[in-house]
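*Asks:* Next come a sequence and a model predicted from it.
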Amino acid sequence: NAGVMQNPRHLVRRRGQEARLRCSPMKGHSHVYWYRQLPEEGLKFMVYLQKENIIDESGMPKERFSAEFPKEGPSILRIQQVVRGDSAAYFCASSPPRGRGLLEQYFGPGTRLTVT
Amino acid sequence: GQQVMQIPQYQHVQEGEDFTTYCNSSTTLSNIQWYKQRPGGHPVFLIQLVKSGEVKKQKRLTFQFGEAKKNSSLHITATQTTDVGTYFCAGPHFGGSARQLTFGSGTQLTVLP
């Protein structure tokens, strides 16, 4: 059973370009979460999605950032017109459907975004 | 807003010494989870505590949930170099879904051989 997959693992973008980060949850998981982690800091919640629905995006900046989790395919975190301050590790996590035990989250390996 | 704080932020120990990290929430938690992140790696779920005063053990790791369900601790006995990493506590996001987690700031453990 493959774990949470994220790609690319490393992404370099110039200021003003777009960054697209992809996340495939664990098989059978229908809940996806995105977090941002700056060096030497904790995990900051960005957005929580289920298939075709954004449940909570309260942690996501209002501008330039968007997320989706389509019926088919991976979840996408999109950052438009990137700035240097967007440089960080972006982690995706997934959890199983309701009623299947603990609500722990399984994390992917992350995408390290560097904005030059 | 809800805050989940951990102390200490950094801890250096000699191999074989014990280590403890403390987690405090500004709100009562229905449960608390602990994760470990190795340097350059991703967070990995360790355990979840649900009951007031609960104590769980995993080999050399002992996890406690406070009676008031607002604090928790992780104690490692006789640390080894494999224990190196950052330990995060996380609780359900106040006012949000039980699935959303608010993570503490983490305690970065360094074990000196």
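*Replies:* Cool, the structure landed. Numbers count the residues shown, from 1 in each chain, chains lettered A, B, ... in the order given.
*Asks:* Could you pull up the residues touching the residue lying closest to B:Q100 once chain neighbours are set aside?
*Replies:* The spatial neighbour of B:Q100 that comes closest, neighbours along the chain excluded (CB to CB, 6 or more residues apart in numbering or on different chains), is B:H93 at 3.8 Å. C-betas here are computed from N, CA, C, even on glycine. Residues counted as contacts of B:H93 (CB atoms under 8 Å, 6 or more residues apart in numbering or on different chains) are A:F45, B:Q2, B:Q100, B:L101, B:T102.
*Asks:* how about low-confidence regions in the chain?
*Replies:* Looking at chain A here, since you left the chain open. A:1, A:98-102 (pLDDT under 70).
*Asks:* Chain B, not that one
*Replies:* Using pLDDT under 70, chain B drops low at B:1, B:94-99.
*Asks:* and with 80 instead?
*Replies:* Along chain B, the parts satisfying pLDDT under 80 run over B:1-2, B:93-100.
*Asks:* What parts of it come near chain A?
*Replies:* Chain B comes close to chain A at residues B:31, B:33, B:35, B:41-45, B:48, B:88, B:93, B:96-106, B:108, as judged by CB under 8 Å from any CB of the partner chain.
*Asks:* Going through those, which ones are buried?
*Replies:* For the residues of chain B next to chain A, a burial check counting by 16 or more other CB atoms under 10 Å in any protein chain shown picks out B:31, B:33, B:35, B:42-43, B:45, B:48, B:88, B:93, B:96, B:99-106, B:108.
*Asks:* mind listing which of those residues are in strands?
*Replies:* Among those, the members found in strands (DSSP state E) are B:Q33, B:Y35, B:P43, B:F45, B:Q48, B:F88, B:L101, B:T102, B:F103, B:Q108.
*Asks:* residues touching the fourth one, list them.
*Replies:* Translated: B:F45. Contact analysis of B:F45 by CB under 8 Å, 6+ apart lists A:E104, A:Q105, A:Y106, B:Q33, B:W34, B:Y35.
*Asks:* which ones are touching the one residue sitting closest to the centre of chain B?
*Replies:* What sits nearest the mean C-alpha location of chain B, by CA atoms, centre = their mean, is B:C89, with 3.8 Å. When contacts are counted by CB under 8 Å, 6+ apart, B:C89 touches B:V4, B:Q6, B:T21, B:C23, B:I32, B:Q33, B:W34, B:Y35, B:S72, B:L74, B:F103, B:G104.
*Asks:* Rebuild those as JSON lines, extending it with distance to B:V13.
*Replies:* Output for those, formatted as JSON lines (distance: CB to CB, whole Å):
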{"residue": "B:V4", "distance to B:V13": "23"}
{"residue": "B:Q6", "distance to B:V13": "16"}
{"residue": "B:T21", "distance to B:V13": "11"}
{"residue": "B:C23", "distance to B:V13": "18"}
{"residue": "B:I32", "distance to B:V13": "23"}
{"residue": "B:Q33", "distance to B:V13": "24"}
{"residue": "B:W34", "distance to B:V13": "18"}
{"residue": "B:Y35", "distance to B:V13": "20"}
{"residue": "B:S72", "distance to B:V13": "20"}
{"residue": "B:L74", "distance to B:V13": "13"}
{"residue": "B:F103", "distance to B:V13": "23"}
{"residue": "B:G104", "distance to B:V13": "19"}
